[in-house]
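A.B. asks: here are the coordinates; sequence isn't available:
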């Protein structure tokens, strides 16, 4: 056994041995790291097949670094709709202010035709009604007189008609017929419908001639006005109800005379409440008189309002076509997402959707011109782009954890 009398010498020998062991371990670790990087480099190179540079230029569908595997059945389940790239003419638009108004052709006002008292309300503001539905019960002295005359003349006419011309004189026959027709016409003019008159006259009950009658809805729609109170005596022409079919709406957009010169009925237009979401419409009428204050022409746009999002008085932005470009390859704006700093679409190849970087041109009317990256006739996804993008990002995260 070797004994060290000098502790300093012993300490130096121990430190030397520890340093040598550390250097050996570090060398081994470095060698392992170089092997993993090479393996990773080899895998990347094998997957890309040298096309990485092409992807950076926007021409290769692997640019975004992933593929979504989704067959037709799954695409339908996920509401991923596709379309074929085609040429189309993009419209030149101007954005102008507009205001939502009622479709006056689908709106009706309900008014009494004679002085009457409101007795009972059957519907309220905001209610949806059907054509022929009872709205309000009125009572009128004039209607009571007319109803009484209707019963008397109807009975007399029924008796005379049963006897026939061979029994009664021709004059009496005609007088009875005319009197019954006039009584019927008066009641109808006062506000009862033909069906109400038929039912009332058929009963022939004089005790029912009270002057009470119902005003009925002339069309289906929503009650947007019911400005009266029960017991109020109303005069002819007083609007008790206003009914409108709000499934369609009008937008009154204001154009300068120069802009209006490029517009005609039937031309497409779009409107938006927030400047982000747009809905399609079409121009149905163009005013022929300038607004004296704004010196603009009003253009009436008809839009679908089946979702009941638009209401009279709302201010909107209206995009009106005033010209067209040459035919270009274009895709819907919603078919493009931003990935890796590039405008990207998803190209369908069998059961795979490949993110493909593209070059874009003008953007008009919700369509974007494509100047590079894809070709006409190729199939692309046009809905659920953010779902597809999230699947790509999720797959990348999974790959990262795998390393």
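C.D. replies: Yep, it's here. Quantities reported herein were computed from a predicted structural model and do not represent experimental measurements.
A.B. asks: give me every residue that touches residue 235.
C.D. replies: By Cβ atoms under 8 Å, 6 or more residues apart in numbering, residue 235 lies in contact with 112, 115. Any C-beta I mention is one placed from the backbone N, CA and C, and that applies to glycine too.
A.B. asks: ok, now with 6 Å
C.D. replies: Counting by Cβ atoms under 6 Å, 6 or more residues apart in numbering, residue 235 makes contact with residue 115.
A.B. asks: okay, it: pLDDT?
C.D. replies: If you check residue 235, the pLDDT there is 96.
A.B. asks: then the one 3 residues further on?
C.D. replies: The confidence metric pLDDT takes the value 95 at residue 238.
A.B. asks: excluding sequence neighbours, find me the nearest residue to it.
C.D. replies: Among residues not flanking residue 238 along the chain, residue 111 sits closest, at 5.8 Å (Cβ to Cβ, 6 or more residues apart in numbering).
A.B. asks: if I read this right, the one you found contacts residue 241, doesn't it?
C.D. replies: No - between residue 111 and residue 241 there is no contact under Cβ atoms under 6 Å: 8.6 Å.
A.B. asks: comparing these two, which residue is more hemmed in?
C.D. replies: Between residue 111 and residue 241, counting by other Cβ atoms under 10 Å, residue 241 is the more crowded of the two (24 against 16).
A.B. asks: who are the neighbours in contact with the closest residue in space to that one that isn't next to it in sequence?
C.D. replies: The shortest distance from residue 241 to any non-neighbouring residue, by Cβ to Cβ, 6+ apart, is to residue 110 (4.1 Å). Residues near residue 110 by Cβ under 6 Å, 6+ apart: 215, 240, 241.
A.B. asks: can you put those in a markdown table and add distance to residue 124 and secondary structure?
C.D. replies: Output for those, formatted as a markdown table (distance: Cβ to Cβ, whole Å; DSSP: H, G, I helix; E, B strand; the rest coil):
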| residue | distance to residue 124 | secondary structure |
| --- | --- | --- |
| 215 | 15 | strand |
| 240 | 12 | coil |
| 241 | 10 | strand |
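A.B. asks: after the longest strand that the chain contains comes which helix or strand?
C.D. replies: Identified as the longest strand of the chain according to DSSP state E is strand 315-332. Sequence order places strand 337-339 as the next helix or strand after strand 315-332, per DSSP states H and E.
A.B. asks: any idea how far that following strand is from the chain center?
C.D. replies: 25 Å (Cα atoms, centre = their mean, to the nearest Å).
A.B. asks: sheet partners, orientation included, of that strand?
C.D. replies: Partners of strand 337-339 in the sheet, by DSSP bridges, are strand 342-349 (antiparallel).
A.B. asks: sweet, I'm off.
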